[in-house]
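Student: sequence-free structure coming up:
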């Protein structure tokens with residue numbers, strides 16, 4: 001009896017040790033780059049040593065200039081943990097940034113989750129708001145990540161961050177443009193991304209042409225010579241060879257015309273999934289002054305028309321089927337729908353009852369929220385439309401206002417000078433990036449006009465207590481950890497940056513998979529120390545993107 005109790009005690013002790021050993025603190029496992037005088041932790045060798053050295057040099061100059069202290073972490077996997085939780089844990093453990101200015105930034109890339117996360121310190125939320133972090137990720141970094149070019153994506157993205165932080169005027173332009181207008185740094189990086197992807201297509205096309213020429217030459221060299229006195233045996237042999245090279249019978253009707261096959265079905269299924277994703281991106285959230293909302297009729301047109309036209313061309317008109325016909329029809333369908341969408345949007349904008357520039361700007365901004373994404377996916381003809389829309393929005397927002405008192409043109413103040421004219425609520429809203437304020441000043445009669453622009457990419461909500469747009473999610477707390485056999489429970493904290501109102505909401509943490517405990521074990525076991533960093537703090541601000 002005593003032996004059984006001892007065995008049971010030892011078994012429970014082993015189980016306790018095993019469960020305890022499965023708890024990973026990534027902040028302690030990930031090598032602290034500052035211990036080696038660097039800023040980049042790359043334990044899984046996702047980027048090359050040359051790129052790591054280049055980033056350390058760039059971030060070192062940024063730190064020495066007092067602009068920001070950036071910690072970059074690249075991991076193969078973090079199991080089932082959320083990238084936001086790990087980045088916040090890294091920030092609170094390492095504490096990058098100056099203790100007084102809180103100008104720290106954590107950039108975390110998780111390869112198997114296909115996610116990139118920026119978490120900013122309190123002091124960077126003005127110069128690097130959430131919307132700018134999101135646009136740098138989407139426009140500069142993700143085009144490279146989608147082709148597994150992590151070296152170029154990380155280098156271009158952090159160069160854009162450095163350019164914004166070292167160029168205050170450029171930072172104003174970026175932060176103010178909630179409509180997706182890019183500053184010089186992001187436009188240059190976007191152009192490089194487009195050129196890089198365009199180059200791949202050109203090479204592929206060149207290879208395709210060379211392969212076609214080579215096949216033609218080979219076919220010509222191997223073609224049997226035909227003479228007028230060819231025997232029936234030769235004719236029969238050539239006919240048999242031609243029949244063996246024809247498409248399978250299930251692709252051919254009685255008249256020998258090729259039909260859509262299994263490959264077309266798979267491609268069309270991919271097209272349906274792709275279209276639903278695009279509709280989800282373009283749909284966005286509902287706003288009071290929406291100029292266009294997607295209807296079921298428009299959705300049906302995009303999803304069904306290409307398939308119906310392919311069937312009509314192949315079986316009713318008897319046109320020989322080609323994959324390029326399907327591809328062209330799918331692209332043409334989306335082009336027709338988007339052209340209708342933006343034409344209707346512009347027509348409704350002209351018929352608005354109000355003629356105020358600010359109201360027109362806000363309405364157009366919401367309706368064209370994802371126009372930059374559309375221009376990348378469908379460059380013909382929407383890349384040209386995007387440039388035209390950019391100039392129109394720039395004119396609506398930045399063309400000088402006339403003073404209401406003396407009718408003289410007013411001057412737009414930069415970020416530093418306009419702070420003196422903002423009240424506490426406006427300053428709090430601009431700090432969290434939910435509303436960006438333009439202050440126009442009249443030098444003749446010493447009056448000013450303040451105009452606020454809602455950021456369409458911001459996740460900050462209206463505070464239920466003070467009714468200001470300063471309520472955002474700050475941090476999460478784990479109440480019950482998830483295991484392989486049961487879900488966990490956590491608390492999401494949301495806080496108002498103006499009245500300090502705090503709200504708590506519980507959420508369910510999914511069960512851990514059996515492989516999550518063994519993943520991401522390639523990091524060093526050395527614990528991170530915040531002594532080498534500046535001692536900054538973060539409230540959880542920043543942005544995440546997936547590819």
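Tutor: Thanks, I have it. Since the structure is predicted, the reported quantities are computational estimates derived from the model, not experimental observations.
Student: correct me, but residue 342 touches residue 384?
Tutor: No. In terms of CB atoms under 8 Å, residue 342 does not count as a neighbour of residue 384; the distance is 11.9 Å. In short, each C-beta sits where N, CA and C put it, glycine included.
Student: Mind checking which of these two has more residues around it?
Tutor: Here residue 342 and residue 384 are compared on neighbour count by other CB atoms under 10 Å; more neighbours surround residue 342, at 19 against 11.
Student: pLDDT weak spots in the stretch 101-250 of the chain?
Tutor: Flagging of the stretch 101-250 of the chain using pLDDT under 70 yields the residue ranges 168-250.
Student: let's see it at 50
Tutor: For the stretch 101-250 of the chain, residues meeting the criterion pLDDT under 50 lie at 171-183, 185-186, 188-191, 193-250.
Student: repeat for the chain
Tutor: 1-2, 17-23, 171-183, 185-186, 188-191, 193-255, 515-531.
Student: Tell me where it has strands.
Tutor: Ranges of strands within the chain are 40-41, 69-75, 104-110, 115-120, 411-412, 435-442, 447-454, 471-480, 488-496, 502-509, 542-546, based on DSSP state E.
Student: got a markdown table for those strands, with distance to residue 296 and mean neighbour count too?
Tutor: Formatted as a markdown table, the entries for these read as follows, by distance: least, CB to CB, whole Å; neighbours: other CB atoms under 10 Å:
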| stretch | distance to residue 296 | mean neighbour count |
| --- | --- | --- |
| strand 40-41 | 49 | 24 |
| strand 69-75 | 42 | 26 |
| strand 104-110 | 37 | 27 |
| strand 115-120 | 32 | 26 |
| strand 411-412 | 43 | 16 |
| strand 435-442 | 34 | 20 |
| strand 447-454 | 28 | 16 |
| strand 471-480 | 33 | 16 |
| strand 488-496 | 34 | 17 |
| strand 502-509 | 32 | 12 |
| strand 542-546 | 28 | 20 |
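Student: who wins for proximity to residue 535 among these?
Tutor: With distances scored as CB to CB, the stretch of those nearest to residue 535 is strand 104-110 (8.9 Å).
Student: Give me the packing partners of the closest one, helices and strands only.
Tutor: strand 69-75, helix 83-94, strand 115-120, helix 150-166 (3 or more CB pairs under 8 Å, 6 or more residues apart in numbering; DSSP states H and E).
Student: Direction included, what does the first one pair up with?
Tutor: Looking back up the chat, that one is strand 69-75. Strands flanking strand 69-75 in the sheet, each with its direction: strand 40-41 (parallel), strand 104-110 (parallel) (DSSP bridges).
Student: for the shortest one, same thing?
Tutor: Sheet neighbours of strand 115-120, with direction, are listed as strand 104-110 (antiparallel), strand 542-546 (antiparallel) (DSSP bridges).
Student: Now distance to residue 510 too, for the strands paired with strand 69-75, in TSV please.
Tutor: Putting these into TSV (distance: least, CB to CB, whole Å) gives the following:
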stretch	distance to residue 510
strand 40-41	27
strand 104-110	16
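Student: now for the ones you listed, which one comes closest to residue 283?
Tutor: Of all the strands paired with strand 69-75, strand 104-110 sits nearest to residue 283, with 27.1 Å by CB to CB.
Student: can you give me how far the closest one is from the chain middle?
Tutor: How far strand 104-110 lies from its chain's middle: 15 Å, per CA atoms, centre = their mean, to the nearest Å.
Student: Okay, angle between it and helix 150-166 too, please.
Tutor: Taking axes from the mean of the first three to the mean of the last three CA atoms, to 10 degrees, strand 104-110 and helix 150-166 form an angle of 160 degrees between their directions.
Student: For residue 118, see how far away the most centrally placed residue in the chain is.
Tutor: Centre of the chain computed as the mean C-alpha position; nearest residue by CA atoms, centre = their mean is residue 138, 3.4 Å away. With distances defined as CB to CB, to the nearest Å, the gap from residue 138 to residue 118 amounts to 12 Å.
Student: Out of the strands of the chain, which is closest to residue 312?
Tutor: Per CB to CB, nearest to residue 312 of the strands of the chain: strand 542-546, 38.1 Å.
Student: and the angle from the closest one to helix 83-94?
Tutor: Going by the same axes, to 10 degrees, strand 542-546 makes 140 degrees with helix 83-94.
Student: who's in contact with strand 542-546?
Tutor: Taking CB atoms under 8 Å, 6 or more residues apart in numbering as the criterion, the residues outside strand 542-546 that touch it are 83-84, 87, 106, 113-120, 130-131, 133-134, 137-138, 141-142.
Student: what about 10 Å?
Tutor: Surrounding strand 542-546, the residues in contact under the criterion CB atoms under 10 Å, 6 or more residues apart in numbering are 82-84, 87-88, 91, 105-108, 110, 113-121, 124-125, 128-138, 141-142, 145, 433, 457-459.
Student: For PyMOL, write a command that selects the buried ones of these.
Tutor: With 16 or more other CB atoms under 10 Å as the burial test, the buried ones among the contacts of strand 542-546 are selected in PyMOL as follows:
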select buried, resi 82+83+84+87+88+91+105+106+107+108+110+113+115+116+117+118+119+120+121+124+125+128+129+130+131+132+133+134+135+136+137+138+141+142+145+433+457+458
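Student: Tell me the spacing between residue 155 and residue 149.
Tutor: Distance from residue 155 to residue 149, by CB to CB: 10 Å.
Student: so what sits against both of these two?
Tutor: Overlap of the contact sets of residue 155 and residue 149 (by CB under 10 Å, 6+ apart) consists of 47, 141.
Student: need the helices and strands packed on strand 104-110 in a markdown table with distance to residue 505, can you?
Tutor: Formatted as a markdown table, the helices and strands packed on strand 104-110 follow (distance: least, CB to CB, whole Å):
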| stretch | distance to residue 505 |
| --- | --- |
| strand 69-75 | 28 |
| helix 83-94 | 15 |
| strand 115-120 | 20 |
| helix 150-166 | 32 |
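Student: of the ones you listed, which approaches residue 425 most closely?
Tutor: Taking CB to CB as the measure, those were each checked against residue 425, and strand 115-120 came out nearest at 21.5 Å.
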